[in-house]
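Engineer: Sequence and predicted structure, then a few things I'm wondering about:
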Amino acid sequence: MSSESVTRIRVGGSAGSEPYEVLVGRQLLGELGGLIGERSRTGTAKRVAVIHPEALAGTGDALRADLAEQGYEAVAIQVPNAEEAKTAEVAAYCWKALGQSGFTRSDVVVGVGGGSTTDLAGFVAATWLRGVRWIAVPTTVLAMVDAAVGGKTGINTAEGKNLVGSFHPPAGVLCDLAALDSLPVNDYVSGLAEIIKAGFIADPAILDLIESDPEAARTPTGPHTAELIERSIRVKADVVSSDLKESGLREILNYGHTLAHAIEKNERYKWRHGAAVSVGMHFAAELGRLAGRLDDATADRHRTILQSVGLPLHYRYDQWPKLLENMKVDKKSRGDLLRFIVLDGLAKPNVLEGPDPAVLLAAYGEVGE
Ligand SMILES: NC(=O)c1ccc[n+]([C@@H]2O[C@H](COP(=O)([O-])OP(=O)(O)OC[C@H]3O[C@@H](n4cnc5c(N)ncnc54)[C@H](O)[C@@H]3O)[C@@H](O)[C@H]2O)c1
Ligand SMILES: O=C(O)C(=O)C[C@@H](O)[C@H](O)[C@H](O)COP(=O)(O)O
Ligand SMILES: [Zn+2]
């Protein structure tokens, strides 16, 4: 992709969901006004709420001012950084701001930020007046390749990760690669976990690209950045386009997440999601191997590639009983049955139901330190 070009990836359109596009390129924010202005079933927008994290106060205000210049009644709603935004209290704060600005069903929410912000903004849009349009402007690599695409929106509760939410796809997603220039390296690398996930479950070319130069993969200036992002978005787009509400196939996107969410809760949501997913994929690979489903080479490849970009593989061994307890509220569980996504081979994700507790513990034995 040249620096001037824009890639458009279509999502949805089946099973009654409105199709939308994910745009990937540079200097895309000029597209926002046009997207907001598109006439929808509910009419034409008059008001826009730009939900942004503290770290992007400048971007949030610049967008608000730009939209005001285009004639919209625009408000900026600042929310806390990272997972602190994904709470019922912050959602209620946003609802209050929408109420005070007279937000109607034809108006539009814009979520600008990382996955925490887009999850919250999408959730606020899903719940306000039982659903208004929203547009995602992801500013982290993780949000571009995963969180902003596919319409899973939600918040955490003290009992677990993303326990309250809704499927509410955006009307469009603008991935402006220029936003990545200000992202701290740890946050950039955290997003690589979801890219690597896309590689293991569906598109091994992603793994080859990262393995060709892991150091370069750690920065937005690497030679394969745009390709890695676009390939990962295509994996996600293909899956959610055929199974928006996770009645089957979509569960593969949860690879590594059963343990990851348990770790995040255990850390009171202070760990970055991508770091937890990295440990979770290491665990899932060992689980697959010990359950006789995954070959040694592919399991080992998880360790090598995750480590090569600086992602963590291990977590505290003594926390296993708590993690096991936390995993029971995973959305893939059915009654008392724990369910995991494992690989039957490279790019062959499948479900492992109710694994033997001894196998689970043995897999964690490889992860715990
Ligand atoms: N809905 C989904 O399908 C889905 C998919 C994957 C992940 N998620 C969710 O996404 C969240 C993680 O998102 P994330 O990794 O993007 O992190 P994040 O949203 O928590 O952001 C990390 C930090 O980076 C800051 N930030 C964001 N963009 C920046 C930029 N361009 N420059 C400087 N700072 C910036 C944020 O303010 C925050 O402090 C988790 O809550 C996870 O559950 C959701
Ligand atoms: O889009 C999906 O489906 C995913 O599972 C993508 C995950 O990367 C993401 O973290 C998602 O929010 C997890 O969903 P949850 O249903 O397990 O909360
Ligand atoms: Zn995830």
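Structural biologist: Cool, got the structure. Numbers count the residues shown, from 1 in each chain. Ligands and ions are numbered 1, 2, ... in the order given.
Engineer: Show me what residue of the stretch 51-200 of the chain gets nearest to ligand 2.
Structural biologist: Taking Cβ to the nearest ligand atom as the measure, the point where the stretch 51-200 of the chain comes nearest ligand 2 is Asn162, at 3.3 Å. Placement of C-beta: from N, CA and C, glycine included.
Engineer: got it, and the stretch 201-350 of the chain?
Structural biologist: Counting by Cβ to the nearest ligand atom, the stretch 201-350 of the chain gets nearest ligand 2 through Leu253, at 3.6 Å.
Engineer: In contact with that residue, which residues?
Structural biologist: By Cβ atoms under 8 Å, 6 or more residues apart in numbering, the contact list for Leu253 reads Asp146, Gly150, Lys197, Ile201, Lys236, Val239, Val240.
Engineer: I'd like the C-alpha coordinates of the helix or strand harbouring the residue of the stretch 51-200 of the chain closest to ligand 2 written as CSV, please.
Structural biologist: Using DSSP states H and E, Asn162 falls within strand 160-167. Provided in CSV are the C-alpha atoms of strand 160-167 (Å, rounded to 0.1, in the frame of the first residue of the first chain):
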residue,chain,number,x,y,z
GLY,A,160,-15.5,-10.2,34.9
LYS,A,161,-14.4,-8.8,31.6
ASN,A,162,-16.9,-7.6,29.0
LEU,A,163,-19.8,-9.1,31.0
VAL,A,164,-22.2,-6.4,29.9
GLY,A,165,-22.5,-5.4,26.3
SER,A,166,-24.3,-5.6,23.0
PHE,A,167,-23.7,-6.5,19.4
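Engineer: sorry, back to before: name the nearest of the contacts of Leu253 relative to Gly310.
Structural biologist: Taking Cβ to Cβ as the measure, Gly310 lies nearest Lys197 of these, at 16.1 Å.
Engineer: how close does the closest one get to Val235?
Structural biologist: 9 Å (Cβ to Cβ, to the nearest Å).
Engineer: With Val108 instead?
Structural biologist: Look at Val108 and Val235: by Cβ to Cβ, they are 28 Å apart.
Engineer: Mind checking which of these two has more residues around it?
Structural biologist: Neighbour count, other Cβ atoms under 10 Å: between Val108 and Val235, Val108 has more, with 28 against 25.
Engineer: hang on, the more buried one packs against Val48?
Structural biologist: Yes. Counting by Cβ atoms under 8 Å, Val108 touches Val48, with 5.2 Å between them.
Engineer: which residues do those two both contact?
Structural biologist: Contacts common to Val108 and Val48, judged by Cβ under 8 Å, 6+ apart, are Ile36.
Engineer: and the spatially closest residue to Ser40 that is not a sequence neighbour, what are its bridge partners?
Structural biologist: Nearest residue to Ser40, sequence neighbours excluded (Cβ to Cβ, 6 or more residues apart in numbering): Arg133, at 5.8 Å. Beta-bridge partners for Arg133, by DSSP bridges, are Val108.
Engineer: got the contact list for Arg133?
Structural biologist: By Cβ under 8 Å, 6+ apart, the neighbours of Arg133 are Ser40, Thr42, Ala45, Asp107, Val108, Val109, Ala125, Pro170, Ala171.
Engineer: what does the protein put close to ligand 2?
Structural biologist: Residues of the chain lying near ligand 2 by Cβ under 6 Å from any ligand atom: Asp146, Gly150, Lys152, Asn162, Glu194, Glu246, Arg250, Leu253, Asn254, His257, Lys331.
Engineer: which among those residues gets closest to Leu32?
Structural biologist: Proximity of the residues of the chain next to ligand 2 to Leu32 (Cβ to Cβ) peaks at Gly150, which lies at 20.0 Å.
Engineer: Tell me the pLDDT of the most centrally placed residue in the chain.
Structural biologist: Centroid check for the chain by Cα atoms, centre = their mean gives Ala147 as the closest residue, at 2.3 Å. Ala147 carries a pLDDT value of 98.
Engineer: just use 337 as the starting number from now, easier for me
Structural biologist: Okay, residue one is now 337; in that scheme the one you just asked about reads as Ala483.
Engineer: Could you tell me which residues make contact with it?
Structural biologist: Gly450, Gly451, Thr454, Asp455, Pro474.
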